[in-house]
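[1] Have a look at this prediction, sequence included:
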Amino acid sequence: MDKILADLNKKIKNRQLEIAVVGLGYVGFPLALEFAKKKVKVTGIEIDSGRLQSITRRKSYISDISSGQLKEVLDGGYFKASSSFADIAQADAVLICVPTPLKGKYLPDISFIKNAVNQVALHLKNKALVILESTTYPGTTEEEILPIFQKHGFKHGQDFYLCFSPERIDPGNKRFPVQKIPKVIGGLNFNATQLAMAVYQIIINQVVPVSSCRAAETVKLLENTFRLINIAMIDELSMMAHKMKIDIWEVVAAASTKPFGFMPFYPGPGVGGHCIPKDPLYLYWKAKSFGFRSRFIKLASDVINYMPEYIVKRIKETLERKGAKLEGAKILVMGVTYKKDIKDLRKSPSIDVINSLKKQGAKVFYSDPLIPFLKFKGLDLESIKLTAKKIEEFDCCLIATDHSKVDYASLVKNAKFIFDSRNVYKGKHTEKVERL
Ligand SMILES: NC(=O)c1ccc[n+]([C@@H]2O[C@H](COP(=O)([O-])OP(=O)(O)OC[C@H]3O[C@@H](n4cnc5c(N)ncnc54)[C@H](O)[C@@H]3O)[C@@H](O)[C@H]2O)c1
């Protein structure tokens, strides 16, 4: 057995392993805390001083982690956060969980990965296992990360091991916390995969090895492309059903009774977050370099990107049917985060809806129990506190995100008109509520 493998396996067995997690965001932070809960020493490296200060103040900034949970882990003494890569010198396993956004509309931006890897390669002292968790296009680990380590004089299998393991966390999903989501692992070689399996088995119930980094990278992109395409499909069917005066929500509910071969997806104002809107475009971009153009991905993106505009069009039509105009109308957007009960504003379709409403001359306000102030993408607004009297003031209340902490009964009692893009009212109150 080779020396790195034997040493690391021994450390894993005796829980003497030290882990570094680079990037303490929605992905890295819960992961780091899970290892610390299992009494594995973890150092989280984060460059955002706001997030680091939050940890020092023992206040969580991620919806899935309560401040109480954070305190408990900090008191346990196995987790520390740092802004310095020098702190990973002794790490035996480094998990990289940094952002992978788009440059402009369609270009993958892997600069965060490259910067992080450069820092890791500069500071790593041990013969360690390095695992990339950030979602990226197939080939990134082998074509981009491996050469960085090689440039710093590391030899794979001799000085370090390299793996890709996609994070599949679903923020806000209480049924599937980190340990219950099977972990797909693809190493640069067999030993790398074996090591990563042993590391993740400390915190995760099931690990799923695949043959290569490339396969593991593609698994994540398949999963999110599957979601993008199905959501786009139901969005398009909902627009079609509206024209045909068919209730799409009723149709999906009935179709869902089929015990096999069907899985429900629901229409909405678009998709957001740091996954579904952009991950498939990473695959699209990489496929183009092989001379292949994925028509499905492009079409699905186009359909979904149209949804905010479509919702504004529907609100405009309804107001006009009622003898009012969108221009000058007071519109309350309910829910500005991209997802129910989650604080994340990234790529939220609500923001596009707000901008589109403003462009058409509407006076736009918002209410969101999770976002008291909206200083984002040129917007500077304060969340409206919902009282019966306040609700009456608006010409339309648009339910863009259906947070749990909203009194929907009071809303429908007092509102003049509601556009419900999330089926909160399930076909009730039809005189006041129009559904997507
Ligand atoms: N958010 C999700 O639901 C989700 C789910 C699965 C996978 N992913 C993927 O995981 C990756 C991370 O996503 P996220 O939502 O956690 O992003 P995030 O922005 O919440 O967290 C990333 C963190 O990395 C930090 N960072 C950036 N560069 C750094 C560096 N050089 N050194 C140290 N820290 C650095 C940032 O400051 C940030 O706090 C992305 O590739 C994303 O596509 C996200």
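    Now that the structure is in, tell me what you want to look at.

[2] C-alpha from now on. contacts and neighbour counts both.
    OK.

[3] quick one, phi psi at the residue in the stretch 51-200 of the chain that the ligand sits nearest to?
    In the stretch 51-200 of the chain, the residue found nearest to the ligand is Ser134; the distance is 3.4 Å by Cα to the nearest ligand atom. Backbone torsions of Ser134, given as degrees, to the nearest 10, read phi -60, psi 140.

[4] show me what contacts it?
    In this structure, Ser134 makes contact with Ile96, Cys97, Val98, Pro99, Thr100, Ile113, Pro166, Glu167, judged by Cα atoms under 8 Å, 6 or more residues apart in numbering.

[5] can you rerun that using 7 Å?
    Ile96, Cys97, Val98, Pro99, Thr100, Pro166, Glu167 (Cα atoms under 7 Å, 6 or more residues apart in numbering).

[6] These into CSV, with extra columns for neighbour count and pLDDT?
    Shown next, in CSV, are the contacts of Ser134 (neighbours: other Cα atoms under 10 Å; pLDDT from 0 to 100):
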residue, neighbour count, pLDDT
Ile96, 26, 98
Cys97, 26, 98
Val98, 26, 98
Pro99, 21, 97
Thr100, 21, 98
Pro166, 24, 98
Glu167, 20, 96
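
[7] Looking at those residues, which one is closest to Thr225?
    Nearest to Thr225 out of the contacts of Ser134 is Pro166 (Cα to Cα; 14.2 Å).

[8] follow-up on the earlier one: so which of the contacts of Ser134 reach the ligand?
    Cys97, Val98, Pro99, Thr100, Glu167 (Cα under 6 Å from any ligand atom).

[9] interface residues of this structure facing the ligand?
    Contact residues (Cα under 6 Å from any ligand atom) of the chain with the ligand: 22-28, 45-48, 97-100, 112, 115-116, 134-135, 167-171, 274-275.

[10] So how do I select the buried members of those in ChimeraX?
    One line in ChimeraX is enough to select the buried ones among those; burial here means 16 or more other Cα atoms under 10 Å:
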select :22,23,24,25,26,27,28,45,46,97,98,99,100,112,116,134,135,167,168,169,171,274,275
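
[11] Just the ones in helices from the residues of the chain next to the ligand, please.
    Gly28, Phe112, Asn115, Ala116 (DSSP state H).

[12] May I ask you to confirm that Val184 belongs to a strand?
    Yes: judged by DSSP: H, G, I helix; E, B strand; the rest coil, Val184 forms part of a strand.

[13] Check the closest residue to it other than its chain neighbours and give its pLDDT.
    Counting by Cα to Cα, 6 or more residues apart in numbering, Val208 is the residue found nearest to Val184 once chain neighbours are left out, at 4.5 Å. Confidence at Val208, expressed as pLDDT, is 98.

[14] what's the answer for Met1, then?
    Looking at Met1, its pLDDT is 56.

[15] can you check Ile12 too?
    So, for Ile12, pLDDT stands at 89.

[16] repeat for Ser63
    84.

[17] what comes up buried for stretch 362-381?
    Ala362, Lys363, Val364, Phe365, Tyr366, Ser367, Asp368, Pro369, Leu370, Ile371, Leu374.

[18] of all those, which two lie farthest apart?
    Ala362 and Leu370 (23.9 Å).

[19] Can you give me the neighbour number for Ile354?
    23 (other Cα atoms under 10 Å).

[20] Figure out the helix or strand that it lives in.
    Assessed by DSSP states H and E, Ile354 sits inside helix 349-359.

[21] just Leu374 next, same as before
    strand 373-376.

[22] Tell me which other helices or strands that strand touches.
    strand 379-382 (3 or more Cα pairs under 7 Å, 6 or more residues apart in numbering; DSSP states H and E).

[23] Would you mind pulling the contact partners of whatever helix or strand comes next after the strand it packs on?
    Next along the chain after strand 379-382, taking DSSP H and E as the criterion, comes helix 388-392. The contact list for helix 388-392 (Cα under 7 Å, 6+ apart) reads Ser410, Leu411, Asn414, Ala415, Lys416.
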